[in-house]
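# Got a sequence here, can you build the structure:
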Amino acid sequence: MCKKSWINIIMKKEDCFYLGKIIKPFGYKGEVVLFLDVDDMQTYKDLPYVYIEINKRLIKYDIDSFRFHGNKVVVTFKDVRADEVSTLIGKEMYLPLEFLPKLEGNQFYFHEVIDFEVIDKEKGNIGTIAEIIDNTTQPIMSIDFNGKEILMPLIDEILDKVDRENRKMYIHAPEGLIDIYLT
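I've put the predicted structure just below:
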């Protein structure tokens with residue numbers, strides 16, 4: 001693979017978000033097809049680079065060309081020869097968190113609300129968000145209440161307000177749900 005300066009090309013995964021995957025070569029000139037796991041691909045049309053996970057490290061790859069091809073994207077990376085692109089197939093891509101579009105109101109990214117206080121309409125402060133579990137049919141907040149875990153569905157129906165400035169989330173939990181964890 002091409003020689004790269006190791007200065008400023010490695011990024012920590014916790015400082016990034018998953019962008020998508022390199023899925024296959026395109027043609028014979030060194031282009032690859034990307035799957036972008038995003039809501040609006042147009043948001044990312046002017047990307048200068050991506051980080052590609054190689055051997056559990058995120059390595060920066062500068063983008064030379066970027067074009068839409070149906071619901072996918074075709075990209076050429078700078079300094080990657082046509083005979084080298086096969087080594088990138090199947091690799092996951094990431095971007096620094098600052099590339100995420102800003103959300104407002106009650107919309108938020110899961111990483112954004114970690115450590116927010118959760119204030120229930122009936123019970124008051126029920127702890128802080130320790131993590132968001134997103135491997136179920138609906139996301140679930142794991143709330144730490146003095147060492148006890150409260151699991152709360154993260155759905156629009158219970159969410160009243162997200163106060164970014166004060167790092168608080170206001171909810172109205174289903175009746176009896178909090179009591180199950182505190183008894």
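# for the residue lying closest to His69 once chain neighbours are set aside, phi and psi?
With sequence-adjacent residues excluded and distances taken as CB to CB, 6 or more residues apart in numbering, His69 is closest to Val33, at 7.0 Å. To be clear about C-beta, it is placed using only N, CA and C from the backbone, and glycine gets the same treatment. Main-chain dihedrals, Val33, degrees, to the nearest 10: phi -100, psi 130.
# For the protein, give me the ranges with low pLDDT.
The chain contains residues with pLDDT under 70 at 1-9, 136.
# Give the pairing partners of the longest strand seen in the chain; include direction for each.
In the chain, taking DSSP state E as the definition, the longest strand is strand 57-69. Sheet partners assigned to strand 57-69 using DSSP bridges are listed as strand 10-11 (antiparallel), strand 49-54 (antiparallel), strand 72-77 (antiparallel).
# Now distance to Ile22 and mean neighbour count too, for these, in JSON lines please.
JSON lines is the format used below for the strands paired with strand 57-69 (distance: least, CB to CB, whole Å; neighbours: other CB atoms under 10 Å):
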{"stretch": "strand 10-11", "distance to Ile22": "17", "mean neighbour count": "14"}
{"stretch": "strand 49-54", "distance to Ile22": "7", "mean neighbour count": "19"}
{"stretch": "strand 72-77", "distance to Ile22": "8", "mean neighbour count": "20"}
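# Please report the distance of the residue lying closest to Phe145 once chain neighbours are set aside from Ile171.
Spatial nearest neighbour of Phe145, excluding adjacent residues (CB to CB, 6+ apart): Gly127 at 3.5 Å. Distance of Gly127 to Ile171, given as CB to CB, to the nearest Å: 12 Å.
# Next, show the common contact partners of these two.
Taking CB atoms under 8 Å, 6 or more residues apart in numbering as the contact rule, Gly127 and Ile171 both touch Val118.
# between those two, who's got more neighbours?
Taking other CB atoms under 10 Å, Gly127 and Ile171 do not tie; Ile171 has more neighbours (25 against 22).
# for the closest residue to the more buried one other than its chain neighbours, what are its contacts?
For Ile171, ignoring the flanking residues on the chain, the nearest one in space by CB to CB, 6+ apart is Ile158 at 4.9 Å. Neighbour list for Ile158: Met152, Ile171, His172, Ala173, Pro174 [criterion: CB under 8 Å, 6+ apart].
# Which members of these occur in helices, if any?
With DSSP state H as the criterion, helices contain none of these.
# If you rank those residues by neighbours, which is first?
Ile171 (25 neighbours).
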